[in-house]
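>>> Sequence first, predicted model second:
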Amino acid sequence: MIRPVIFLTLLFAAGSLGKNEVVIQPLGALAEVGHVLQGVLSCGSQSKLLEVRVEDCLSLPCNVTAGRVYTSQIDFIPSESHEKLHVLLSVISLTSRRDLIILNEDILAPVEAGSKYTLQVRWSAPVGSPLGFIAPLLQVTGKTPRGEVMELCGLALSRVVA
């Protein structure tokens, strides 16, 4: 979600730096976090997915502690140029069969088709989340004159632990 000179951070938990934020930078501009994950399920991404990394996760399913902030990074090449992207991150609880929206925001910065970017999302499973398996679902869409494009869509099985 940029031209090399643009840096964008959106905070979604008002006044709490470090929780639920999205950053998009040209590839290589952010320090890498975590390890490269295999097994992330695509749900219709049009972008070319390069790598997915999650802080403190060596392999899927990732173990997450409710209330702790995690950083995830996705390296990608968008299929289309966009002036803004919409980021939706939800968590589907496989235990309670409910889903919860974590982030739902527009990123007002251009990306160019064919250029490489890193999408960085800092997020946390809410305190009180039921223990057991969850499926974080990330969807990043952009609009073109021909309609909406699903640039990124992916699921990564995780587990909420005590």
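Cool, got the structure.
>>> Following element in sequence after the helix or strand of the chain with the lowest mean pLDDT, please.
Within the chain, confidence by mean pLDDT, DSSP states H and E is lowest for strand 8-11 among all helices and strands, at a mean of 25. Using DSSP states H and E, the helix or strand that follows strand 8-11 towards the C-terminus is strand 21-26.
>>> which other helices and strands contact that next one?
strand 8-11, strand 99-107, strand 117-123 (3 or more Cβ pairs under 8 Å, 6 or more residues apart in numbering; DSSP states H and E). Every C-beta, even on glycine, is put in place using the N, C-alpha and C of the backbone.
>>> looking at those strands, which is closest to Leu155?
strand 99-107 (11.7 Å; Cβ to Cβ).
>>> one step back: do you know which of the helices and strands packed on strand 21-26 lies nearest Thr71?
strand 117-123 (5.1 Å).
>>> could I get the closest one in CSV with only the CA atoms?
The C-alpha coordinates for strand 117-123 follow below in CSV (Å, rounded to 0.1, in the frame of the first residue of the first chain):
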residue,chain,number,x,y,z
TYR,A,117,6.0,-3.0,-1.4
THR,A,118,5.9,-4.3,2.1
LEU,A,119,2.6,-4.1,4.0
GLN,A,120,3.2,-4.1,7.7
VAL,A,121,0.3,-4.7,10.1
ARG,A,122,0.6,-4.5,13.9
TRP,A,123,-2.4,-6.1,15.5
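>>> helices or strands next to that strand in the packing?
So strand 117-123, by 3+ Cβ pairs under 8 Å, 6+ apart, packs with strand 21-26, strand 70-77, strand 85-93, strand 99-107, strand 132-144.
>>> now these as JSON lines including distance to Arg159?
Below are those laid out as JSON lines (distance: least, Cβ to Cβ, whole Å):
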{"stretch": "strand 21-26", "distance to Arg159": "24"}
{"stretch": "strand 70-77", "distance to Arg159": "13"}
{"stretch": "strand 85-93", "distance to Arg159": "11"}
{"stretch": "strand 99-107", "distance to Arg159": "16"}
{"stretch": "strand 132-144", "distance to Arg159": "5"}
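>>> Those into TSV, with extra columns for mean pLDDT and mean neighbour count?
Conversion of those to TSV gives the following (pLDDT from 0 to 100; neighbours: other Cβ atoms under 10 Å):
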stretch	mean pLDDT	mean neighbour count
strand 21-26	84	21
strand 70-77	94	21
strand 85-93	91	19
strand 99-107	89	15
strand 132-144	92	19
